[in-house]
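> Please find the sequence and the predicted model below.
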Amino acid sequence: MVKRTKDWGSAHSGLSDWYLQRASAVILALLLPWVFVLLWAVALDGLSQQALFALLDSLIVRIMHTLLILALTTHAYLGLKIMIEDYVHTGIRVLLMGIMLVSMSLFAIWWLALIWAWGG
């Protein structure tokens, strides 16, 4: 029986990536149903856009929305990073991961700026 890992691999980050992926999945599982219920209510004309914005204009909802976007971008980045590491050749791998990291970061910053700018 093996009691210790002899080779951690070259990146030494597999376990932390695994934990981050699982933690972000739990946050997404808790917060995304709430978002879909709100969207469903707007789509069925049960909730107007003004009522939705009034509902979303509180500190706790903005904090939950911030957690949602951070979990979403973290989860997407880690999943795509693993796919790129596994299936893309070494020469273009770093460039693709860099482009992906920058684009996802800019998207998250833009979304967070929208969330914290609306309302009073």
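Thanks, I have the structure now.

> For Trp110, I want the exact helix or strand it lies within.
Mapping Trp110 onto the secondary structure by DSSP states H and E places it in helix 90-117.

> again, but for Val26
helix 14-43.

> mind listing what's buried in that helix?
With burial defined by 16 or more other Cβ atoms under 10 Å, the residues of helix 14-43 counted as buried are Asp17, Leu20, Gln21, Ser24, Ile27, Leu28, Leu31. The C-beta positions use only the backbone N, C-alpha and C, and glycine is treated the same way.

> so how far is Asp57 from the third one?
Think Gln21. Per Cβ to Cβ, to the nearest Å, Gln21 is found 32 Å from Asp57.

> can you pull the contacts of the spatially most central residue of the chain?
Within the chain, one residue has its C-alpha closest to the average C-alpha position: by Cα atoms, centre = their mean, that is Leu72, at 1.4 Å. Each residue near Leu72 by Cβ atoms under 8 Å, 6 or more residues apart in numbering is listed here: Ser24, Leu28.

> and the angle for the host helix or strand of it with helix 14-43?
Assignment of secondary structure by DSSP H and E places Leu72 within helix 59-87. Angular relation of helix 59-87 and helix 14-43 on a 0 to 180 degree scale: 130 degrees, by axes from the mean of the first three to the mean of the last three Cα atoms, to 10 degrees.

> tell me which helix or strand of this protein sits lowest on mean pLDDT?
Across the helices and strands of the chain, mean pLDDT, DSSP states H and E gives its lowest value to helix 49-56, namely a mean of 80.

> tell me what that helix is packed against?
Packed against helix 49-56, as judged by 3 or more Cβ pairs under 8 Å, 6 or more residues apart in numbering; DSSP states H and E, are the following elements: helix 14-43, helix 59-87.
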